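Chemist: Quick one, fold the following:
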Amino acid sequence: MSEKLKVIAMLVVASAPLAVSCQSSGYDYHLFEPEVSGPRSSDQNPSRFFDNRTYIGLTQYQEVDHDGYYKNAFVNILGTFQKIPRVYGHGMADSRAIDSSRGGHVVGYDSHVSAIGESSSKVWTWTSGVSTILPSPSGFYGFPEGIADNGDVAGWMYKGASYQAVAWLGGQFTELESGGLSSICRGVDASGAMYGNVVRAGGSDTVPVVWRNGVRRELTGFDGYTNVNIQRVSRGGAVAGYLFDPAIGKPRMFVLVGGKLQVMAPERYKTYGLSVVDVNDNGMILARNMYDSGVNLGEAFVIYRDGVGQFWQDSYTLNTTYVPWRPTAINNRGEIIGIAHASGIEDSKLFIATPVPEPASLAALALGLSWVTVRRRRQA
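Modeler: Next up, the predicted model:
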């Protein structure tokens, strides 16, 4: 290897910890005001958070002299907020942006509840300010879960008393093959691989599957576990969910990165509800845990890294009257976005939390950069 390539390699190795691989001793966070969407108040709930700090989701707001909340999907691209106009349903029903491709194509949905209580929805894509409603069968009530770089959309719908995994391939609606069994598609990576779950015949268990070009294949490597449920997929193909471990009689979180399975350490409390909020390409999981401590029932958010979970409320030091109580998305830098509230104040704020590197990681980074500096001086 030439001296020039050695220097470049050292720069890559030395600088990488700042981006993704630095061990964190906690989080620093700062607050910022969400863009006001209505004349009275505004509240934003991000669904996805990207490395350039673009985020998308749902915003709700109150109009003057109106007690109900109106809702709209939105995008915030590098600090520029834009509501996505509703294309279906009443303004008080959900309208949410769910995912965005690397080309900037956003997918989301608008829902509607009729006067007699019947629910329905429309799935749409939004590109450069233009919304397009995707075709769906009459009476459709379902939701998108992700969009691939080629524009294919993955999702699911209610079908009678069960669920059906669906997709829009080349813009055309299709029910994904599931052998006539209840199924759900939980996301799609950038390449178009769609991941989800199919219930076994008899309803005794769920199995994880992947659809490629509409063809289903069961995922392997989960021997010894049951009720494997995929819940979230990152752009880069990290797949996260929960499973049941019969050996300890508890559910556990898992992540698949590059086809390699990592099962997280079990929670210390009795858990009666685990769900993945988000996962990044590196396998970091942001999860919600409904738990029973033996003293009280509660809700906690957990960050899983390298197989170990840490309660979100234990990972930061409160520095304002606003508490960053609900993290909603994580990017590949390990940065977290979410909602902060303060007691007695109606409107919320958003927060972005940044990992604080451990001293050992900073020392390694400094050593690497020092080596590069020495090499450059010797060459001068």
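Chemist: which stretches of the stretch 201-350 of the chain aren't confidently modelled?
Modeler: Scanning the stretch 201-350 of the chain for pLDDT under 70 picks out the ranges 267-272, 292-296.
Chemist: just the strands in it please.
Modeler: For the stretch 201-350 of the chain, the strands defined by DSSP state E, counting those that start in this stretch cover 206-212, 215-218, 226-233, 239-245, 250-257, 260-263, 270-279, 285-292, 297-305, 308-311, 323-330, 336-341, 349-357.
Chemist: To Asp99, which of the ones you listed lies closest?
Modeler: Of all the strands of the stretch 201-350 of the chain, strand 226-233 sits nearest to Asp99, with 9.3 Å by Cβ to Cβ. In short, each C-beta sits where N, CA and C put it, glycine included.
Chemist: With only the CA atoms kept, save that closest one in CSV.
Modeler: Output in CSV follows, covering the C-alpha atoms of strand 226-233 (Å, rounded to 0.1, in the frame of the first residue of the first chain):
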residue,chain,number,x,y,z
THR,A,226,-40.9,-18.9,18.7
ASN,A,227,-43.3,-16.1,17.7
VAL,A,228,-40.7,-14.2,15.7
ASN,A,229,-42.2,-10.8,14.8
ILE,A,230,-40.5,-8.3,12.4
GLN,A,231,-41.6,-4.8,13.2
ARG,A,232,-39.2,-2.4,11.5
VAL,A,233,-36.8,-2.3,8.5
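Chemist: Pairing partners for it, with directions?
Modeler: strand 239-245 (antiparallel) (DSSP bridges).
Chemist: Give the buried residues for stretch 322-333.
Modeler: Applying a neighbour-count criterion of 16 or more other Cβ atoms under 10 Å, one finds Tyr322, Pro324, Arg326, Pro327, Thr328, Ala329, Ile330, Asn331, Asn332, Arg333 buried in stretch 322-333.
Chemist: tell me the two of those that are most distant?
Modeler: Of all pairs drawn from these, the widest gap by Cβ to Cβ lies between Tyr322 and Asn332 and measures 26.0 Å.
Chemist: and of the buried residues of stretch 322-333, the nearest to Ile98?
Modeler: Ile98 lies nearest to Ala329 out of the buried residues of stretch 322-333, by Cβ to Cβ, at 11.3 Å.
Chemist: Was I right to think that closest one contacts Pro46?
Modeler: Yes - the pair Ala329 / Pro46 is scored as a contact, 5.2 Å apart, by Cβ atoms under 8 Å.
Chemist: Which residues are in contact with each of those two?
Modeler: Tyr55, Gly57, Ile337, Gly338 (Cβ atoms under 8 Å, 6 or more residues apart in numbering).
Chemist: I'd like those laid out as JSON lines, including distance to Ile230 and neighbour count.
Modeler: Formatted as JSON lines, the shared contacts of Ala329 and Pro46 follow (distance: Cβ to Cβ, whole Å; neighbours: other Cβ atoms under 10 Å):
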{"residue": "Tyr55", "distance to Ile230": "23", "neighbour count": "24"}
{"residue": "Gly57", "distance to Ile230": "21", "neighbour count": "21"}
{"residue": "Ile337", "distance to Ile230": "23", "neighbour count": "27"}
{"residue": "Gly338", "distance to Ile230": "23", "neighbour count": "24"}
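Chemist: Any chance of JSON lines for those, columns distance to Asn282?
Modeler: What follows is the shared contacts of Ala329 and Pro46, written out as JSON lines (distance: Cβ to Cβ, whole Å):
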{"residue": "Tyr55", "distance to Asn282": "18"}
{"residue": "Gly57", "distance to Asn282": "22"}
{"residue": "Ile337", "distance to Asn282": "17"}
{"residue": "Gly338", "distance to Asn282": "19"}
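Chemist: and of these, the nearest to Val276?
Modeler: Gly338 (14.9 Å).
Chemist: Quick check: the closest one vs Val215, distance?
Modeler: 37 Å (Cβ to Cβ, to the nearest Å).
Chemist: who touches the helix or strand encompassing Trp168?
Modeler: Assigned by DSSP states H and E, Trp168 belongs to strand 162-169. Here strand 162-169 makes contact (Cβ under 8 Å, 6+ apart) with 123, 134-135, 142, 152-158, 173-176, 178, 182-185, 188, 194, 196, 198-199, 211, 213-214.
Chemist: Of these, just the buried ones, PyMOL syntax please.
Modeler: Here is the PyMOL command that selects only those of the contacts of strand 162-169 that count as buried (16+ other Cβ under 10 Å):
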select buried, resi 123+134+142+152+153+154+155+156+157+173+176+178+182+183+184+185+188+194+196+198+199+211
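Chemist: ok, back up a step: make a markdown table from the strands of the stretch 201-350 of the chain and add distance to Gly104 to it.
Modeler: Below are the strands of the stretch 201-350 of the chain laid out as a markdown table (distance: least, Cβ to Cβ, whole Å):
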| stretch | distance to Gly104 |
| --- | --- |
| strand 206-212 | 24 |
| strand 215-218 | 28 |
| strand 226-233 | 19 |
| strand 239-245 | 24 |
| strand 250-257 | 25 |
| strand 260-263 | 31 |
| strand 270-279 | 20 |
| strand 285-292 | 24 |
| strand 297-305 | 28 |
| strand 308-311 | 33 |
| strand 323-330 | 17 |
| strand 336-341 | 19 |
| strand 349-357 | 21 |
